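Chemist: any chance you can model this:
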Amino acid sequence: MEQYVIKGGTPLKGEVEISGAKNAALAILAAAIMTDETVTVTNLPDVRDINVLLQSIEGIGAIVKRESRNSVKINGGTIRSVTVDYEYIKKIRASYYLLGALLGRFNEAEVALPGGCDIGTRPIDQHIKGFKALGAEVVIEHGMIKTKAEHLVGSHIYMDVVSVGATINIMLAAALAEGSTIIENAAKEPHVVDVANMLNSMGANIKGAGTDVIRIKGVEKLHKTEYSVIPDQIEAGTFMFAAAATNGNVLVKNVIPKHLEAITAKLLEIGCTIEEYDDAVRVIGTRDLRSTQVKTLPYPGYPTDMQPQIAVTLAISKGTSIVTESIFENRFKYVAELARMGANIKVEGNTAIIDGVEQLTGAEISAPDLRAGAALVIAALTAKGFTTIDDIVYIQRGYENFEGKLTSLGACIEKVTSEKEIQKFKLKVG
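Modeler: Down below sits the predicted model:
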């Protein structure tokens, strides 16, 4: 089993290039099968979730041609099945985007119930509500979500809770529905806007993405396009906190600074220096990081996907910090692992009370999910001595060449598969 072995204590310095946004790319790849013409998607992150989705799209008959590590051509004209039961698809949450895409194009879809990280209940009731409002029947049986319609008709849909996945899924299905659809209380995340822009470049008529009311006029068909995925704000934020926690100085390139405002605000609060450019952000850390309070909220609030990274940084900041998780109830599973490294964190319900310590120490720990795994890598980079992290498959789901990018910034990190390799690494770095 692959692990990371890390020697902490080196401030990160240099430049890092951010990959395309995983969460945007997954929905954009699903949208690409909604025409029988060839769609080219560039700036794709080369991560496990993307590769699994591409294999499943190929599995239903679409032609998938990998042009390079970060670009792909997809032609959905040869799709012969609307049933996606590829065994790996159950492991990724975003498999449900194929429901909206296939339902929109073929008025029918069957997709295995999604998996992903166990960070709390993520019900799909809002997706189902949206599909039903458009005129589809939806049943769940034998581990599959099955949805079918005579034809889809636009509707007025009010979301009971703000849901990125449901907003995108309804948008996909409604793009080819008859008449107009209005989604109220829609999610405003950057990747919702990116998917709307992609669909519009294919001939869809979507207005208001990025606000809480999205208006969609259904069109008869979509056509080919070439589209570049936005940069990943969560990968960018992860490197920004890695720079802060290690007292480093890192230029994070290929970003949209507007998407990072909530993250930047917190870094400034805890004492970091931030320099913003058109498409880059420099983060300069300090040995005197301060405590703060943070609550996760839908965009443009502080992202839940950045909660473990800030908590790790606050664990070595002066004073007492409070982190409140308002999106997913299981998001604090990494706290037990941090405690093994000497962190002083108490969790009460959906709140973590963090008393900063002088320094963490290396330990043998496990990544409980994608973002927590990345946060534990940050913890290890700040810790005294060596840390080994198990279950890094979670991290590989969402970060392209994570250890390579960290190494280029001066981190002592290596991917290993045996005790012998761990010992070799320890001898090498001393």
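
Chemist: quick one: low-confidence parts of the stretch 101-250 of the chain?
Modeler: Applying pLDDT under 70 to the stretch 101-250 of the chain flags the ranges 115-122.

Chemist: where do the helices sit along it?
Modeler: Applying DSSP state H, counting those that start in this stretch to the stretch 101-250 of the chain gives helices spanning 125-133, 164-174, 190-201, 233-245.

Chemist: tell me the contacts of residue 373?
Modeler: By CB atoms under 8 Å, 6 or more residues apart in numbering, the contact list for residue 373 reads 367, 389, 391, 392, 394, 395. From N, CA and C alone the C-beta is placed, and that goes for glycine too.

Chemist: for those residues, work out which two are farthest apart.
Modeler: Spatial extent of those (CB to CB) is set by the pair 389 and 394 at 9.9 Å.

Chemist: name the residues contacting each of those two.
Modeler: Between them, residue 389 and residue 394 share the contacting residues 367, 373, judged by CB under 8 Å, 6+ apart.

Chemist: residue 78 is in contact with residue 37, correct?
Modeler: No - if you go by CB atoms under 8 Å, residue 37 and residue 78 don't touch, sitting 11.7 Å apart.

Chemist: ok, the two, which is more surrounded?
Modeler: Shown here are residue 37 and residue 78; by other CB atoms under 10 Å, residue 37 has more neighbours (15 against 10).

Chemist: show me what contacts the more buried one?
Modeler: By CB under 8 Å, 6+ apart, the neighbours of residue 37 are 75, 77, 223, 224.

Chemist: same thing but 7 Å
Modeler: Going by CB atoms under 7 Å, 6 or more residues apart in numbering, residue 37 touches 223, 224.

Chemist: residue 66 belongs to a strand, doesn't it?
Modeler: Yes - remark: residue 66 belongs to a strand, assigned using DSSP: H, G, I helix; E, B strand; the rest coil.

Chemist: so it sits right up against residue 74, yeah?
Modeler: No - taking contacts as CB atoms under 7 Å, residue 66 lies outside contact range of residue 74: 10.1 Å.

Chemist: those two - which one has more neighbours?
Modeler: Neighbour comparison, residue 66 and residue 74: the larger count goes to residue 74, with 24 against 13 (by other CB under 10 Å).

Chemist: residue 231 versus the more buried one, what's the distance?
Modeler: Plainly put, residue 74 is 21 Å away from residue 231 if you go by CB to CB, to the nearest Å.

Chemist: ditto for residue 263
Modeler: 13 Å.

Chemist: and what of residue 207?
Modeler: Taking CB to CB, one finds residue 207 at 24 Å from residue 231.

Chemist: so these two - more neighbours on which side?
Modeler: The neighbour comparison of residue 207 against residue 231 (other CB under 10 Å) goes to residue 231, with 24 against 12.

Chemist: partner residues bridging that one?
Modeler: Counting by DSSP bridges, residue 231 is bridged to residue 20.

Chemist: got the buried residues for stretch 77-96?
Modeler: By neighbour count on 16 or more other CB atoms under 10 Å, the buried set for stretch 77-96 is 79, 82, 84-86, 88-96.

Chemist: what sits against the residue nearest to residue 177 when sequence neighbours are not counted?
Modeler: Distances taken as CB to CB, 6 or more residues apart in numbering put residue 152 closest to residue 177, at 3.7 Å, once the chain neighbours are dropped. The neighbourhood of residue 152, defined by CB under 7 Å, 6+ apart, consists of 104, 107, 134, 135, 136, 173, 176, 177, 178.

Chemist: show the buried residues in those residues.
Modeler: When the contacts of residue 152 are checked for burial by 16+ other CB under 10 Å, the buried set is 104, 107, 134, 135, 136, 173, 176, 177.

Chemist: check contacts around the fourth one.
Modeler: Put plainly, it is residue 135. 149, 151, 152, 153.

Chemist: how close does it sit to residue 174?
Modeler: Using CB to CB, residue 135 is found at 11 Å from residue 174.

Chemist: what of the first one?
Modeler: With the distance defined as CB to CB, residue 104 ends up 7 Å from residue 174.

Chemist: now do the fifth one
Modeler: Distance from residue 136 to residue 174, counting by CB to CB: 11 Å.

Chemist: re the thing from before, closest to residue 341 out of the contacts of residue 152?
Modeler: Lowest distance from residue 341 to the contacts of residue 152 (CB to CB) belongs to residue 173, with 45.5 Å.

Chemist: surely that closest one meets residue 102?
Modeler: No - contact criterion CB under 7 Å: residue 173 and residue 102 do not qualify, at 9.0 Å.

Chemist: what is the burial count for residue 371?
Modeler: Residues lying near residue 371 (other CB under 10 Å) number 27.

Chemist: that one contacts residue 308, correct?
Modeler: Yes - with contact defined as CB under 7 Å, residue 371 reaches residue 308; the gap is 5.2 Å.

Chemist: check contacts around residue 124.
Modeler: residue 96.

Chemist: what are the buried residues along stretch 165-183?
Modeler: For stretch 165-183, by 16+ other CB under 10 Å, it's 165-177, 181-183.

Chemist: from the residues you listed, pick the one nearest residue 241.
Modeler: For the buried residues of stretch 165-183, the residue nearest residue 241 by CB to CB is residue 165; the value is 25.1 Å.

Chemist: quick one: contacts for that closest one?
Modeler: With CB under 7 Å, 6+ apart, residue 165 has these contacts: 96, 127.

Chemist: make it 6 Å
Modeler: Contacts for residue 165 (CB atoms under 6 Å, 6 or more residues apart in numbering) come out as none.

Chemist: and the gap between it and residue 97?
Modeler: Per CB to CB, residue 165 is found 8 Å from residue 97.
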